[in-house]
Structure formats: structure tokens, C-alpha cells
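**Q** pasting a predicted model and its sequence here:
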Amino acid sequence: MSLLRTLTHLFHPQRSNNHRARILHPHSLFQLSGLAVIFVFLLQVLGKSQTPMGLVLGYATNISAEEVVQLTNVERERQGLSPLTINSTLSQAALSKAQNMFTEQYWAHVSPSGNEPWDFIRNSGYAYTVAGENLARDFMETNDMISAWMASPTHRANIVSGEYEETGIAVVNGELKGTETTLVVQLFGKPKEEAKANGGLIGQAQAAVGTGMLPANEKMAKATFTSEQSGLSPLDLTKAVFISLLVVLLAALVYDKLIISKKKVVRSVGKNFGHIMLYLVVAALILFFKGGIIG
Amino acid sequence: MKTELQLHFRSYIVIGCILLLFTALFLRAWPNRDLQRMLIGCLMLAYFIWGLVTHTKSNVLTLHLVFEYLGVSLLAGILLVLVTI
């Protein structure tokens, strides 16, 4: 009985809630905002823990290097450029860079210890005249990752640069700053002419964004630092909870409007239609929000 | 319901345009998270101001209403910001 009374108080406009569903009151909205922040904070803490919840939360990616290469070359073809070919030495350099990011726990072109992308390329034995690097993490789909790179001028410049001839890619799963993630490192390069003969190296280099490409006949650098991966990412869970909350609020607003229209109660409250429009837009944006970060 | 829509038709057109513009800019800003968060801040402010202006025109602006629009804007903004983290 008490539960029913509480629910009625929360959702049914009546005298006890001043003829406005309690969940729509400013106090409740502030409390819900605070709860949302606490929820995300707890999710991050639990995601890093070894609790059952922490083990359930993970990051499963559908990114495939072959697809990255294919889509990269599709973008190049659109610009009238020749396709990149995969270079196993560059792929090895990309793998070293990705492993280093997990080892030193950073997300950047330059490591905390000062290693630049070209250092990894140089150490792998690849001699180049021009080189570039594109980074990505937390993407679920290759398409989205390529789209993100193409939407960024600097990353796009790497993908559709006529200077590059070869590429190397690494797709590596691991834990970065307490969060399971998939890092993608794509390196671009133009081999030094003399280096092709004697293995010499380096010249000008530039960092940018992008992903890798990988012909089937070349070995792709793919490694897994941690094997526990699941299909439920923290972002998925956050989206599900937030959309559920918005659906409840939308239902409460519509119900509130219908009841008050029938009762013809005079009250001073906000515009329900305005709130509904806003929440619908927010729900749609959350639903279609794409994860992933490029660097 | 129909009456309220007709009564405040212009106000809803304005907020509809603001929301459409925000949606387009938000999607276009992807994958720039910082820009998306800035846009969310603008949306929160725009919705809050829209609410106050609409009610000021109707001469029914109360402190409770100010808090209600603040709460709605804040909740919408926080939910969006949190998914961009």
C-alpha cells in the first residue's frame, strides 16, 4: 500500500504533490541529475574493479584491420590516389607503439618517457622519408572509426595523403587507465629509396590521425593484453539507463498533461511540450551517440 | 493539448528550431567531444532562457518555474555530457 502511495505521489498529479507529478518537480530533477553523475562515477569505479560487475563490463570491438585497410583505400581512391600497401615492419612498429601505450599507460602521440611515433618506426628498422600516425580507441565498428578520422582534418590528411605509399596497423586489446579498451594504431610511411637497398632511415615526419589497412597477404599486428572482453561496454550500459530514465520522464510528462487537461486544474508549471521536445532530442542523441576517441 | 499548442505556437516553433539546430551541430561536431560538450552547454542555456522568456510573456514567471527550467536544462545537459565522457 505504501509503495502504491509512493508511486502515485511520484507520477500522478494530486493534492499531495501540488497537482504535479513529484518526479517532475525541480527538486526531483536536481536529484536525478546528481544520481546520474553518481551512477557514471560508480560505473567507472566498478569497471576498474575485479568485482562480478567489473568483470561483466568490458569492451568488445568489431574492428578488423582488413576492413580498416579496405576502407582507407576506398577513401584514397575517391581522391584519385593509389592504394596503400601493407608493410609488416610498419605493422610491427604500430604494435610496439600500442603495447607501449598500455605499458606506460598513456593515450598520445608522444609517450611520457618522450618516445615519438618515429622512434617506434625507426626502432623497427623501417627507413622513411615521410611518416604519420593515426590513433583510435573505444570504437565498436571500423566504419565509425574511419568516419571519425575522415571528419578530423589532421587525421584525414594522413589517410588521403599522396605522399604515403605504405601502412602498418595494430589492433590491440588491453587495459588503459583502468578501462578495458581496444587501441588502434595506424602508421603511414613512404620508404626511403636508398633504405630499400641498405636499410637506412628517417627524414621528416608528421603525426596525424588515421587507421591502418592490411592486405590479406600481410601479417597484421594484432594482440590482446587482456582476454576478458564482453559485449556490454560501460557506454552501452550508461545509454540504456539514461534512455530508460528519459522514457519514464516522458511518460510522466504526457500522463501529467492528460490528467491535468481532464481535471482542469489551474497551476503554474513549465511547458510540458517544451520539456517533451527537449527530452526526445536528448534521448535520440544518446541512442545514436557513437563512442570512440581519435588521437 | 491542442489549445496550448495553438496558444504558444510561436514559442514552440522557436524551441523546435533551436533543438533542430542543436541536433545538426551536435552530430556534425562528432568526433570532437569538446565541441559537443560546448554545444550541450549552449543548449542548456538556450532552453533555460527560452523557458523564462516564454513565461515572462505570459506574466506567470515564478521562482518555482525558474527552478523547474533550471532542473530540466541541467538534467538534459548532464545526461548528454555524461555519455560523451
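**A** Received the coordinates, thanks.

**Q** okay, and A:Gly270 sits in which element?
**A** Counting by DSSP states H and E, no helix or strand carries A:Gly270.

**Q** point out where chain A drops to low pLDDT.
**A** Filtered on pLDDT under 70, chain A yields the residue ranges A:1, A:47-60, A:194-232.

**Q** sorry, wrong one. I was asking about chain B.
**A** B:1-2.

**Q** how about the helices in chain B?
**A** Secondary structure of chain B by DSSP state H: the helices cover B:2-7, B:9-29, B:33-57, B:63-83.

**Q** need these in TSV (columns: mean neighbour count and distance to chain A).
**A** From N, CA and C alone the C-beta is placed, and that goes for glycine too. What follows is these, written out as TSV (neighbours: other CB atoms under 10 Å in any protein chain shown; distance: least, CB to the nearest CB, whole Å):
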stretch	mean neighbour count	distance to chain A
helix B:2-7	10	7
helix B:9-29	15	5
helix B:33-57	17	6
helix B:63-83	21	3
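
**Q** present the ones you listed as JSON lines; the columns should include distance to A:Ser82.
**A** Output for those, formatted as JSON lines (distance: least, CB to CB, whole Å):
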{"stretch": "helix B:2-7", "distance to A:Ser82": "58"}
{"stretch": "helix B:9-29", "distance to A:Ser82": "31"}
{"stretch": "helix B:33-57", "distance to A:Ser82": "34"}
{"stretch": "helix B:63-83", "distance to A:Ser82": "40"}
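
**Q** which one of the ones you listed lies nearest to A:Val45?
**A** Distances from A:Val45 to each of the helices of chain B were compared using CB to CB; the minimum, 14.5 Å, belongs to helix B:63-83.

**Q** what's that closest one packed up against?
**A** In terms of contacts (3 or more CB pairs under 8 Å, 6 or more residues apart in numbering or on different chains; DSSP states H and E), helix B:63-83 is packed against helix A:26-48, helix A:234-263, helix A:272-287, helix B:33-57.

**Q** select, out of the ones you listed, the one closest to A:Glu193.
**A** Put simply, out of those the one that sits nearest A:Glu193 is helix B:33-57, at 41.0 Å, with distance taken as CB to CB.

**Q** winner for burial among the helices and strands packed on helix B:63-83?
**A** When you average the neighbours per residue for each of the helices and strands packed on helix B:63-83 (mean count of other CB atoms under 10 Å in any protein chain shown), helix A:272-287 leads with a mean of 20.

**Q** is chain B within reach of it?
**A** Yes - under the criterion of CB under 8 Å from any CB of the partner chain, chain B is reached by helix A:272-287 at A:Phe273, A:Gly274, A:His275, A:Met277, A:Leu278, A:Tyr279, A:Val281, A:Val282, A:Ala284, A:Leu285, A:Ile286.

**Q** swap in stretch A:69-80?
**A** No - using CB under 8 Å from any CB, stretch A:69-80 never reaches chain B; the gap is at least 15.6 Å.

**Q** buried residues in that stretch?
**A** Taking 16 or more other CB atoms under 10 Å in any protein chain shown as the basis for neighbour counts, the residues of stretch A:69-80 that come out buried are A:Val69, A:Gln70, A:Leu71, A:Thr72, A:Asn73, A:Glu75, A:Arg76.

**Q** helices or strands up against the helix or strand harbouring the first one?
**A** A:Val69 is part of helix A:65-78, with elements assigned from DSSP H and E. Other helices and strands packing on helix A:65-78, by 3+ CB pairs under 8 Å, 6+ apart, are helix A:142-151, helix A:153-159, strand A:166-176, strand A:179-191.

**Q** how about 10 Å then?
**A** Where contact means 3 or more CB pairs under 10 Å, 6 or more residues apart in numbering or on different chains; DSSP states H and E, helix A:65-78 is packed against strand A:85-86, strand A:128-137, helix A:142-151, helix A:153-159, strand A:166-176, strand A:179-191.

**Q** who in the stretch 1-150 of chain A is up against chain B?
**A** Within the stretch 1-150 of chain A, the positions near chain B by CB under 10 Å from any CB of the partner chain are A:18, A:20, A:24-37, A:39-41, A:43-44, A:136, A:139, A:144-145, A:147-149.

**Q** what is A:Gly168 paired to in the beta sheet?
**A** The residues paired with A:Gly168 through beta bridges, assigned by DSSP bridges, are A:Leu187.

**Q** so what's the residue count around it?
**A** Summarising burial for A:Gly168: neighbours were counted as other CB atoms under 10 Å in any protein chain shown, giving 32.

**Q** that one touches A:Asn134, doesn't it?
**A** No - contact status for A:Gly168 versus A:Asn134: not in contact, 11.1 Å apart, counting by CB atoms under 10 Å.
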